[in-house]
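Peer 1: Return a 3D structure for these sequence lines:
(chains A and B)
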Amino acid sequence: MEVIFILIAISLILAGTFLFLFFRAMKGGQFDDNHTPAIRILFENEPKNKDKKVPSTKSK
Amino acid sequence: MSNSSKILPQKEVSTCYHCGEDCKEEILQFDGKEFCCTGCQLVYEVLSENDLCDYYTIGENPGVSQKEVSKRDNRFDYLDDMDVIQKLIDFQQGDEIHITFNIPLIHCASCIWLLENLHKIHPGVISGRVDFIKKRVQVKFLKDQISLKELVRMLSKIGYEPLINLADTDKKKVQSMDKKLITKLAVAGFCFGNMMLFSLPEYFSEAELLGTGFKKTFNYLNVLLALPVFFYSATDYYRSAWLSIRNKAVNMDVPIAIGIVTLFTYSLYDIFILGNEGYMDTLGGLLFFLLIGKFYQQKTYDTLSFDRDYKSYFPIAVTRLVRDEEEVIPLAKLNVGDIIRVRNTELIPADSILLDGVALIDYSFVTGEEVPVSRKKGELIYAGGRQKGKAISLAVQKSPSQGYLTDLWNNESFDKENSMGLESLANKISGKFTFTVLFIALLSFAYWAWAGNISLGVLTFTSVLIITCPCALAMSTPFTLGNTLRVFGQGKFYLKNSHVIEKMAKIDTVVFDKTGTLTAPSQAKVQYQGEPLSDESKALIKAMVNQSTHALSNRINTWLDGVKAIKLDEDVEEISGKGLKIIYKSQEIKLGSAEYVNAESGTLPEGGNLVFFAIEDLVLGYFFIQSGLRKGIDQLVTTIKSQKQVHFLSGDQDHERRNLKRIFGDNIQMSFNQGPSDKLHYIKSLNDLGKNTLMVGDGLNDAGALRESKVGIAVTDKVTNFSPASDAIMDAAMLYKLPSFLDFTKTSRKIIKASFGLSFTYNTVGVFFAVQGLVSPVFCAILMPISSISVVLFTTITTNYIAYKRGLKDKIW
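Peer 2: Below you'll find the model as predicted:
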């Protein structure tokens, strides 16, 4: 049963890490704007341009 | 560039490739595309040079018409001023500068894409990042490669001119309280969750099976986890309770703070001295639920600003004339006696005397009346109006902050924080509540002490304090008000905070500003008097007003809805402040003021604007244009009148008194010729009579009255537009619902009272067991969440259901 002591320690550390990550995300402004990124993700990295440029060979 | 573009006569309606508007006056062809004006074409040129034409593929016609944009080159010169730069930027390190611009024109995905690709236009820009909801863009740039002025000029060149006004230069230190609250909430949630895990074995007596070592460990871990809750998450309650006691009052936070402290100290005693399990999990849950309630109450509207004063409206810079040389200086450096130049659509920043030019001032932001007024040379022009027409020169008479209008903000009512005035329901109850609880606790202690069992006496004393900790009581208010706030928000009625609801419930006097609030430009009444108009003259008038942007022209234009304009070979000549002229079939046709057409001043109607129609100096008739009432206003006033006192304030002459009386009946107090500070004093005198006043206004001239009243509602046609500082902002189209909103605030109060009743029931049950010394941690852990959650459910469901039934909401959820 003593293994529970270790499990408790692990669970606390794990939960604490999530809390810390949440604080960091909040401080970094990840929750400040939750509308624009939804639009931004739809832009193509290198938008196709009909008249010039060979489409980049880089995989996306 | 202009070689490749040529002006074509109008053949058929085609739309501008940039802004998507119909090309009415001219069509410019460039690169196989059609543009409505040189501004739009220029934007396209800049974008195509920089290979950014994807802008046009992301959204269709994403641009905004560039017709109205001022083309003056030196208008950004004030951005060379070091003081101004320092005040505007967010951050600077070496050459790298970060600045946040407010760009109201951001409206679609293309805007985001373009503004985030600024570095393709100029290598000096490192990056741009758009916040779509707040309509802001943060730009990082290197100042040795591009100056702030060039950056702003570049933005304006691609059609996104940032809005920089005086308020931006005042240091903005509005760190959102929200973040702190969320941190506290997260800490409380984390600790609560873990404490529940450690306490769970206790509830089922499983801890015994595990042995004493485990039980002790769990208890000590609980204490450890309770520390951040007690010393961090709960700090707001201690502060608020202490402030309230120092002011010799008892607010809701006092019993909460007492409860928290008792819970914590008793649990410490219980765990370390008695070796029991304590109430730490209850403490964690209590704080967690309380903070959720607090968070829910703080619904904020990011795009709206409730604290704007004239500074967010006034420009940051003015053009000053020094020995006939123009220079652009920051407004703060403007002195009395300076000569300034104000161009078309620019704002007059200070009370000044007209020296030169034809002044046509549009005071729509100040008074709500959008028909420009003309001023003659030598007359005093008040700050806050916009010049329409050619540039004028003015001699500054007063500094910008001391003018007729802006002096309002020096009034004492702007200094004091608008104190509650009305005591909130929860605070009223909590005083009695706290004393009752203390009384019961002492009584039970005395009873058991008298019976000879002092330790049981201490137990019952603390139990009563713990069990009655007004968690459910404290949550009924924030959740009811938070829900009401959301219901109102869906009805396009945006409140500054939840206190406003409680204040609104007590309103007994409603004061309306007339111009712009009760009346609306879009509801103008147009009548034609004189010789009947033939179809041809109608078509001709339509063609003339089509080409003019004057407010009265627009109204005649709407009145002639459905009439097809004839094609004119010549351009309409617009004489500022007078009227329109055109030669049609070799006849001189005039449309304009009485002086302009030499009309005889016979028996003309009063109380509106007159536009005369004349052919070859023969006056055929006139248009009588009155500002009409908004839809549903008469019903609105009648409904409110039956319950409350109604007052009208107006800055106009009293020629409309009879007319208004006819519509609204007799029981309305009307005052005319009210200046901005008169309105403030009017409200003040009503307040001094003990009235609870609600002011409904729209312009800057109502700002004082809105501030002085118990509740000030700013009415605006477009919610994101400018509106003066107020407690609430309302979409003008929703004004007719005001009585329902007012009624609903009363209902909210009733719901709060009902949920108080509910939580009192829980408390009575709790106290019944507490005085007998029967309260255990398990009992607490069950009763506390049940009472909180049931109160939250009750308020949320009732509020939304009643709102739905009354038609304030479309769906229940």
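
Peer 1: how much space between residue B:112 and chain A?
Peer 2: Plainly put, residue B:112 is 6 Å away from chain A if you go by CB to the nearest CB, to the nearest Å. Where you see a C-beta, it was placed from the backbone N, CA and C, and this is true even at glycine.

Peer 1: so the closest residue in space to that residue that isn't next to it in sequence, which of the three states?
Peer 2: For residue B:112, ignoring the flanking residues on the chain, the nearest one in space by CB to CB, 6 or more residues apart in numbering or on different chains is residue B:130 at 4.6 Å. Secondary structure for residue B:130, judged by DSSP: H, G, I helix; E, B strand; the rest coil, is strand.

Peer 1: Let me know the pLDDT of residue B:171.
Peer 2: Confidence per residue is given as pLDDT, and for residue B:171 that number is 50.

Peer 1: for residue B:82, that is, sorry about that
Peer 2: Looking at residue B:82, its pLDDT stands at 78.

Peer 1: What is the neighbour count of it?
Peer 2: Counted with other CB atoms under 10 Å in any protein chain shown, the burial measure for residue B:82 works out to 7 neighbours.

Peer 1: Over to residue B:467?
Peer 2: Applying other CB under 10 Å, we find 26 other residues in the vicinity of residue B:467.

Peer 1: now the longest helix anywhere in chain A, how far from the chain's geometric center?
Peer 2: The helix of greatest length in chain A, counted in residues with DSSP state H as the criterion, is given as helix A:3-27. Taking CA atoms, centre = their mean, to the nearest Å, the mean C-alpha location of helix A:3-27 is offset from the chain mean by 18 Å.

Peer 1: mind listing what's buried in it?
Peer 2: A:8, A:12, A:19, A:22, A:26 (16 or more other CB atoms under 10 Å in any protein chain shown).

Peer 1: ok, the second one touching residue B:194?
Peer 2: Yes - shown here, residue A:12 and residue B:194 form a contact pair, counting by CB atoms under 8 Å, at 6.7 Å.

Peer 1: Need the residues touching each of these two.
Peer 2: Overlap between the contact sets of residue A:12 and residue B:194, as judged by CB atoms under 8 Å, 6 or more residues apart in numbering or on different chains, is given by residue B:221.

Peer 1: ok, and what's touching the worst-scoring helix or strand of chain A on mean pLDDT?
Peer 2: Every helix and strand of chain A was ranked by mean pLDDT, DSSP states H and E. The lowest is helix A:36-40, at a mean of 83. Contacts made with helix A:36-40 from outside it, assessed by CB under 8 Å, 6+ apart, are listed as B:109, B:112, B:116, B:130, B:131, B:132, B:133.

Peer 1: 10 Å - rerun?
Peer 2: Outside of helix A:36-40, the residues that reach it under the criterion CB atoms under 10 Å, 6 or more residues apart in numbering or on different chains are A:30, A:33, B:58, B:106, B:108-113, B:116, B:129-134.

Peer 1: before we move on, the earlier item: which of the buried residues of helix A:3-27 sit farthest apart?
Peer 2: A:8 and A:26 (27.0 Å; CB to CB).

Peer 1: Quick one: residues contacting the residue nearest to residue B:112.
Peer 2: For residue B:130, the contacting residues are A:33, A:35-36, A:39-40, B:103, B:106, B:111-116, B:136-139, by CB under 10 Å, 6+ apart.

Peer 1: Over to residue B:299?
Peer 2: Under the contact definition (CB under 10 Å, 6+ apart), the residues listed for residue B:299 are B:481, B:482, B:483, B:484, B:485, B:486, B:488, B:489, B:494, B:495, B:497, B:498.

Peer 1: can you do 8 Å?
Peer 2: Remark: with contacts taken as CB under 8 Å, 6+ apart, residue B:299 is in contact with B:482, B:485, B:486, B:489, B:498.

Peer 1: Between all of those residues, which two are separated the most?
Peer 2: Of all the pairs that those form, the one spanning the most space (CB to CB) is B:489 and B:498, at 11.7 Å.

Peer 1: Those two: which has the busier surroundings?
Peer 2: The neighbour comparison of residue B:489 against residue B:498 (other CB under 10 Å) goes to residue B:498, with 21 against 14.

Peer 1: so the closest residue in space to the more buried one that isn't next to it in sequence is in which element?
Peer 2: Taking CB to CB, 6+ apart, and ignoring the residues beside it in sequence, residue B:498 has residue B:481 as its nearest neighbour in space, at 3.7 Å. With elements delineated by DSSP states H and E, residue B:481 resides in helix B:471-490, which encompasses its position.
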